[in-house]
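Student: sequence first, predicted coordinates after that:
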Amino acid sequence: MRGGISVKAAFRGLAIAALIAAAGGAHAATCSVSAVSLAFGAYNEFRLGHTDTTGNIAVTCVGSAGEIVAYSLGLSAGAGAFAQRRMRTPSGFMLNYNIYTSAARTLVWGDGASGTVTVNDSYALGAPSVTRNYAVYGRTFGLQKVAVGLYSDTIIVTLNF
């Protein structure tokens, strides 16, 4: 890091929105979503490689044991576009990053458009309340010339079931 300058990159709270879409009838089960923020830590603009981190999205469904639930999880593009999400400072400086569905970081997690994918799941409730966790894989890209500051973005998590 040049002269001890560092960039603090924080992916502040995945903002949460639940979109419930009933396809073909009413659902007795109800589902909710919560998320843990991605925190990238200090960014080194001279680092050749990328900086990776993980977070979590939890989906809790409540209903009758044995009831089938099926849903998809989508993420918004945030301040950038799906091809290149951007964290920003209050001054408007930007740091490029993205969010993926696996540790390999090959498939961008989005809303299913623009080459992105959603995470889909279905299962029978084994208890009146079941929580499933989905890892969120974040990456900031190396060798970005950025100003010192606190960078953040807000991503909306959409639960369709």
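Tutor: Thanks, I have it. All of these numbers come straight from a predicted model, not from anything done at the bench.
Student: determine the number of other residues adjacent to the nearest residue to Tyr100 once chain neighbours are set aside.
Tutor: Excluding the flanking residues, the one nearest Tyr100 by Cβ to Cβ, 6 or more residues apart in numbering is Tyr137, at 4.3 Å. Bear in mind the C-beta positions are built from the backbone N, C-alpha and C, glycine included. Using other Cβ atoms under 10 Å, Tyr137 is surrounded by 20 other residues.
Student: so what are the sheet partners of the helix or strand containing Tyr137 and their directions?
Tutor: Applying DSSP states H and E as the criterion places Tyr137 in strand 129-140. The strands beside strand 129-140 in its sheet (DSSP bridges) come out as strand 51-62 (antiparallel), strand 94-100 (antiparallel).
Student: just the buried positions in it, please.
Tutor: Val130, Tyr134, Val136, Tyr137, Gly138, Arg139, Thr140 (16 or more other Cβ atoms under 10 Å).
Student: the third one and Asp52 touch, don't they?
Tutor: Meaning Val136. No - Val136 is beyond contact range of Asp52, at 11.3 Å (criterion: Cβ atoms under 8 Å).
Student: separation between Ile57 and Ile99?
Tutor: Distance of Ile57 to Ile99, given as Cβ to Cβ, to the nearest Å: 10 Å.
Student: actually Ser114, not the one I wrote
Tutor: In this view, Ser114 and Ile99 are 14 Å apart by Cβ to Cβ.
Student: who's more crowded, the two?
Tutor: More crowded of Ser114 and Ile99, by other Cβ under 10 Å: Ile99, with 24 against 11.
Student: strands of this protein, start to end?
Tutor: Ranges of strands within the chain are 7-11, 15-16, 30-36, 38-43, 51-62, 68-75, 85-88, 94-100, 119-124, 129-140, 150-151, 156-160, based on DSSP state E.
Student: now those strands in JSON lines, with distance to Val108?
Tutor: As requested, these are exported to JSON lines (distance: least, Cβ to Cβ, whole Å):
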{"stretch": "strand 7-11", "distance to Val108": "15"}
{"stretch": "strand 15-16", "distance to Val108": "18"}
{"stretch": "strand 30-36", "distance to Val108": "17"}
{"stretch": "strand 38-43", "distance to Val108": "14"}
{"stretch": "strand 51-62", "distance to Val108": "14"}
{"stretch": "strand 68-75", "distance to Val108": "9"}
{"stretch": "strand 85-88", "distance to Val108": "9"}
{"stretch": "strand 94-100", "distance to Val108": "6"}
{"stretch": "strand 119-124", "distance to Val108": "12"}
{"stretch": "strand 129-140", "distance to Val108": "10"}
{"stretch": "strand 150-151", "distance to Val108": "19"}
{"stretch": "strand 156-160", "distance to Val108": "15"}
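Student: good, wrapping up.
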